[in-house]
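[1] fold the following for me, if possible:
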Amino acid sequence: MRICIIAGDGVGQEVIPAAQRVLQALQLDLEFVYAHAGFEYFQKTGDAIPNATIEIVQACDATLFGATSSPMTRVEGYRSPILAMRQSLALYANLRPVKSLPGEFSRQNVDLLIVRENTEGLYAGRERAEDAETMIAERVITKRASERIARVAFEMARARKKQVTVVHKANVLKLTDGLFRETCFNVAREFPDVETQEMLVDAMAMRLIQDPQHFDVIVTTNLFGDILSDEASALIGGLGVAPSGNIGTRHGVFEPVHGSAPDIAGQGVANPLGAILSAAMMLDYLEWEEAAARVRRAVNTVIERGMRTRDLGGSASMDEMTRAIIENL
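    As a prediction, the model looks like this:
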């Protein structure tokens, strides 16, 4: 199996090599191929994600991707590497599991999966200036994209606790979210063994904090999924421990949910768990389920024994945490 490694920016350049070390310690038949992307690479070359990188990702069996920095203002010629990959490689499903970890920092008995549409919505890239004082962003919702993400959610739920919550704002966004809602419920008819419920996104934000144990699979649109999954990560320890996968028909790109964290980059204190658990998701995708389970057991063992990085209230370095996980594989 060929694995593309894209470290990206900031702490991505630390946690992705840490996850790679864990993969190497499993002694699987893996070949690692390296590619470039990110704002730092853009500043050097004028291209945040060259065509060569896309070609390498296409040629590999899966990709492990680090965080990239995104400027807060428009920079001519810059495009977000992860958004570019999601759209050019049709990585239409963003899977963000939220599962309790065995530490005091984590709420217990939480095991849910946010299935986020990954290619359209407000992230479709359709922004324009009406005039100097009016900017417009178009929210794109299609039946095709809504149907395929709903089908992913229901198929995932069928293998879990057989419950899907459709999250939307159709009471206000009657056309766009109306189409998303209607399409999801049409797909639900194909899965009579799966319980289907719905919730407005603002109510969902509250219920996630109040009663996360109630939920199994949550399916929603791009922006709502981005916000809700970051919120949900706080239930289990924060962004530093949250994994994710971008899945399409032919390709899979796996990344920690956190950003590039420039304030701690290069200090060796970043939490590698999000990247390591993303690597475990990648192993599942490659049908190496037992290897993925070994990684998760090692992570849980290290936490149970009291090791914590700084974001979890401890003092362990990134390298110490990584070495401990490898020792417990």
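[2] can we go C-alpha only for contacts and neighbour counts from here?
    Noted.
[3] what does residue 115 show for phi and psi?
    phi -110, psi 110 (degrees, to the nearest 10).
[4] gap between the spatially most central residue of the chain and residue 96?
    Geometric centre of the chain, nearest residue: residue 244, 2.8 Å, by C-alpha atoms, centre = their mean. In this view, residue 244 and residue 96 are 5 Å apart by C-alpha to C-alpha, to the nearest Å.
[5] ditto for residue 6
    From residue 6 across to residue 96, the span is 20 Å (C-alpha to C-alpha).
[6] that older thread, helix, strand, or coil at the residue nearest to the centre of the chain?
    strand (DSSP: H, G, I helix; E, B strand; the rest coil).
[7] again with the one 10 residues further on
    Secondary structure state of residue 254, per three-state DSSP, is strand.
[8] correct me if wrong: it contacts residue 281.
    Yes: in this structure residue 254 lies within contact range of residue 281 using C-alpha atoms under 8 Å: 7.3 Å.
[9] residue 181 reaches residue 170, doesn't it?
    Yes: counting by C-alpha under 8 Å, residue 170 is a contact partner of residue 181 at 7.2 Å.
[10] the two: who's more crowded?
    Between residue 181 and residue 170, counted using other C-alpha atoms under 10 Å, residue 181 has the larger neighbour count: 24 against 18.
[11] who does the helix or strand encompassing the more buried one touch, helix- and strand-wise?
    Using DSSP states H and E, the element containing residue 181 is helix 176-188. Counting contacts by 3 or more C-alpha pairs under 8 Å, 6 or more residues apart in numbering; DSSP states H and E, the secondary-structure elements packed against helix 176-188 are helix 143-158, strand 163-168.
[12] run the angle between it and helix 143-158 for me.
    Angle of helix 176-188 versus helix 143-158, following axes from the mean of the first three to the mean of the last three C-alpha atoms, to 10 degrees, is 50 degrees.
[13] hmm, who's touching helix 176-188?
    Helix 176-188 is contacted by residues 139-143, 146-147, 150-151, 154, 166-171, 194, 196, 221 when judged by C-alpha atoms under 8 Å, 6 or more residues apart in numbering.
[14] so how do I select the buried members of these in ChimeraX?
    Command for ChimeraX that selects the buried part of those, burial taken from 16 or more other C-alpha atoms under 10 Å:
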select :139,140,141,146,147,150,151,154,166,167,168,169,170,194,196,221
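[15] helix, strand, or coil at residue 29?
    Applying three-state DSSP: residue 29 is coil.
[16] any idea how far the nearest residue to it once chain neighbours are set aside lies from residue 89?
    Nearest non-adjacent residue to residue 29, counting by C-alpha to C-alpha, 6 or more residues apart in numbering: residue 1, 6.3 Å away. Separation of residue 1 from residue 89 (C-alpha to C-alpha) stands at 19 Å.
[17] which of these two has more residues huddled nearby?
    Neighbour count, other C-alpha under 10 Å: between residue 1 and residue 89, residue 89 has more, with 21 against 12.
[18] surely the more buried one touches residue 252?
    No: if you go by C-alpha under 8 Å, residue 89 and residue 252 don't touch, sitting 9.1 Å apart.
[19] helices of this structure, residue ranges please.
    Shown for the chain, the helices assigned by DSSP state H span residues 12-25, 39-45, 51-59, 81-88, 143-158, 176-188, 201-210, 222-233, 273-285, 289-304, 318-327.
[20] residue 263 is nearest to which of these?
    The minimum distance between residue 263 and the helices of the chain falls on helix 12-25, with 12.7 Å, by C-alpha to C-alpha.
[21] just checking, what packs against the closest one?
    Under the contact definition 3+ C-alpha pairs under 8 Å, 6+ apart, helix 12-25 sits against strand 62-65, helix 273-285, helix 318-327.
[22] quick one: the ones you listed as CSV, columns for mean neighbour count and distance to residue 133 too.
    Below are the helices and strands packed on helix 12-25 laid out as CSV (neighbours: other C-alpha atoms under 10 Å; distance: least, C-alpha to C-alpha, whole Å):
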stretch, mean neighbour count, distance to residue 133
strand 62-65, 26, 37
helix 273-285, 25, 40
helix 318-327, 19, 46
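[23] thank you, goodbye.
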